[in-house]
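Student: Predicted structure and sequence below. I'll ask about it afterward.
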Amino acid sequence: MQGLERPASAGQSQGQGFGQAQAQGGRPEQHHVVIEGLAKRFGAVTVLEGLDLAIEKGEFLTLLGPSGCGKTTLLRIIAGFLDADAGRITVAGETLLGQPPHRRDFGMVFQNYAVFPHMTVFDNVAYGLRARNVPSADIGRRVERALERVRLGAFASRFPTQLSGGQKQRVGLARAIVIEPRLLLMDEPLSNLDAKLRIDMRSEIRLLQRELGITTLYVTHDQEEALAVSDRIAVLDKGRMLQVGGPKAIYDEHAHRFVADFIGNANQIAARVDGGLVHFAGGVSMPLPGAAPPAQPVTATLRPEDFRLSPSPDYTAALPVRVLLVSYLGARLRLSCELADGASLQADVDSDAIAPAAGETVSLWFNPGKVRLFSAEGWRV
Ligand SMILES: Nc1ncnc2c1ncn2[C@@H]1O[C@H](COP(=O)(O)OP(=O)(O)O)[C@@H](O)[C@H]1O
Ligand SMILES: [Mg+2]
């Protein structure tokens, strides 16, 4: 299982992740959902590559990655709409292999709502209960309760055409939770809503999930959304799982260069590690905190907000840059700069600071403890 071996550094920072369970003697069944060695190709294109992931009971786990990285494909395989080429999935120790979608007891919420247009809100939500032959006396009670939970109690007799996008998605959510699913799968449920509503609804979803304790696998390409709602985040790129960890670990202790860039747009700075020092272009060197990795070319990352225009007890290292453009962003000034090797670098500094002029050369000070180093292959060193 390549996926288990590859992210060695990811394993250290992923907390109660899958790697740890394996290390404890390979009894992955102790997790609620276990995905092992999952692979999927469409023709010559490999979409998922030996993918491993474990989800704890009651956990809100977000699958985060750019468009086309395989998120929907993974969700469709878990839901049973698509077969994998290899690998296995278990829920509470029971394999899903060969189980049709409706037997899996999963709730699913889709990006495009997928509500039935010819049915009332009530009938949309009742659908899954009727399909499971729930007695009609119970159906009324359960549908009402689900609609109240998503704040649609007064909308039961409406048709979807009489609802806003946000309300339609609430119907989708009620329909998914009313069956009391073993697993709730959500595929970019907020991406068709406007920005303000997206932020309100993500909190609603999170509160509801916590209240009901539903194990949830949530898909998004929006890193801010992922950081805001998740217990843990699994970062996917080109069908490979690069890191699984809590929001803070994903933000601060990225296991892969891609994660640093995708979450919070870290600057990527070419450097070399040699003799226990990091050497940047332009003759700047700084000592490495911690054990020195072997001599090699590396990419160092620093976020725009990691820079200041003057030194302080923590900000002890500096990079000389030429300022190309100064943009006012309210509380911050965004400096678009050029490094000694011609590479670009963005720095956000306090807008109360005395702003450098375009064309000026300045020192950008940073805390060496914020620097993360990545090998040529992209993994943390
Ligand atoms: N049925 C299919 N046939 C061929 N290629 C597909 C099919 N479904 C998805 N793909 C391809 O698989 C890759 C991953 O797609 P998808 O899982 O939808 O990504 P995401 O949801 O992360 O945007 C894309 O390159 C997409 O074009
Ligand atoms: Mg998708």
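Tutor: Happy to help now that I have it. Ligands and ions are numbered 1, 2, ... in the order given.

Student: And for the closest residue to ligand 2 within the stretch 1-150 of the chain, the neighbour number?
Tutor: Going by Cβ to the ion, ligand 2 is nearest to Thr72 of the stretch 1-150 of the chain, at 3.2 Å. C-beta coordinates here come from the backbone N, C-alpha and C atoms, glycine included. With neighbours defined by other Cβ atoms under 10 Å, the count for Thr72 comes to 19.

Student: residues from this protein in reach of ligand 2?
Tutor: Lys71, Thr72 (Cβ under 5 Å from the ion).

Student: Helices of the chain, residue ranges please.
Tutor: 2-5, 8-13, 18-23, 71-79, 121-131, 136-149, 165-177, 195-212, 223-229, 247-252, 257-262 (DSSP state H).

Student: so who does the residue of the stretch 1-150 of the chain closest to ligand 2 touch?
Tutor: Asp187, Val219 (Cβ atoms under 8 Å, 6 or more residues apart in numbering).

Student: switch to 10 Å and redo it
Tutor: By Cβ atoms under 10 Å, 6 or more residues apart in numbering, Thr72 lies in contact with Val47, Leu63, Phe81, Leu82, Phe110, Gln111, Asp187, Glu188, Val219.

Student: Of those, grab the buried ones for PyMOL.
Tutor: Listed next is the PyMOL selection for buried residues among those, using 16 or more other Cβ atoms under 10 Å:
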select buried, resi 47+63+110+111+187+188+219
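
Student: Reformat the contacts of Thr72 as TSV; add distance to Asp350 and pLDDT.
Tutor: Putting those into TSV (distance: Cβ to Cβ, whole Å; pLDDT from 0 to 100) gives the following:
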residue	distance to Asp350	pLDDT
Val47	44	97
Leu63	36	98
Phe81	50	94
Leu82	50	95
Phe110	43	92
Gln111	39	90
Asp187	40	97
Glu188	36	96
Val219	37	98
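
Student: Ala176 touches Val109, doesn't it?
Tutor: Yes. Judged on Cβ atoms under 10 Å, Ala176 makes contact with Val109 at a distance of 5.0 Å.

Student: Out of all residues in this structure, which is the farthest from the middle?
Tutor: Distance from the C-alpha centroid of the chain peaks at Ala137, with 40.5 Å (Cα atoms, centre = their mean).

Student: what's the neighbour count on the closest residue to Gln99 other than its chain neighbours?
Tutor: Distance criterion Cβ to Cβ, 6 or more residues apart in numbering; nearest residue to Gln99, sequence neighbours excluded, is Gly80 at 6.3 Å. Residues near Gly80, counting by other Cβ under 10 Å, number 19.

Student: show me the contacts for the residue lying closest to Leu236 once chain neighbours are set aside.
Tutor: Spatial nearest neighbour of Leu236, excluding adjacent residues (Cβ to Cβ, 6+ apart): Gly65 at 3.6 Å. Gly65 sits next to 71, 74, 219-221, 223, 226, 234-242, 258, 262 when contact means Cβ under 10 Å, 6+ apart.

Student: can you tell me which residues contact Ile205?
Tutor: Contact partners of Ile205, counting by Cβ under 10 Å, 6+ apart, are 60, 109, 150, 169-170, 173, 184, 186, 189-190, 216, 218, 229.

Student: swap the cut-off to 8 Å and go again
Tutor: Shown in contact with Ile205 (Cβ under 8 Å, 6+ apart): Leu173, Met186, Pro189, Leu190, Tyr218, Val229.

Student: now, which of the contacts of Gly65 lie close to ligand 1?
Tutor: With Cβ under 6 Å from any ligand atom as the criterion, these include Lys71 near ligand 1.

Student: Pull out the buried members of the contacts of Gly65.
Tutor: 71, 74, 219-221, 223, 226, 234-237, 239-242, 258, 262.

Student: What are the boundaries of the strands in the stretch 251-381 of the chain?
Tutor: Applying DSSP state E, counting those that start in this stretch to the stretch 251-381 of the chain gives strands spanning 267-274, 277-280, 285-287, 296-302, 317-328, 332-338, 344-350, 361-366, 372-374.

Student: Excluding chain neighbours, what is closest to the residue minimising distance to the centre of the chain?
Tutor: Closest to where the C-alpha atoms of the chain average out (Cα atoms, centre = their mean) is Leu64, at 3.0 Å. The shortest distance from Leu64 to any non-neighbouring residue, by Cβ to Cβ, 6+ apart, is to Ala226 (4.3 Å).

Student: Pro160 and Gly128: what is the separation?
Tutor: Applying Cβ to Cβ, to the nearest Å, the value for Pro160 to Gly128 is 16 Å.

Student: more crowded one of these two?
Tutor: Using other Cβ under 10 Å, the more surrounded residue of Pro160 and Gly128 is Gly128, with 23 against 18.

Student: Pull up the gap between the more buried one and ligand 1, please.
Tutor: According to Cβ to the nearest ligand atom, to the nearest Å, Gly128 and ligand 1 sit 24 Å apart.

Student: Spit out the contact partners of that residue.
Tutor: Contacts for Gly128 (Cβ under 8 Å, 6+ apart) come out as Gly107, Arg175, Val178, Ile179.

Student: The last one: neighbour count?
Tutor: Residues near Ile179, counting by other Cβ under 10 Å, number 21.

Student: Skip the chain neighbours and tell me the closest residue to it.
Tutor: Of all residues not flanking Ile179 in the chain, Gly128 sits nearest, at 4.5 Å (Cβ to Cβ, 6+ apart).
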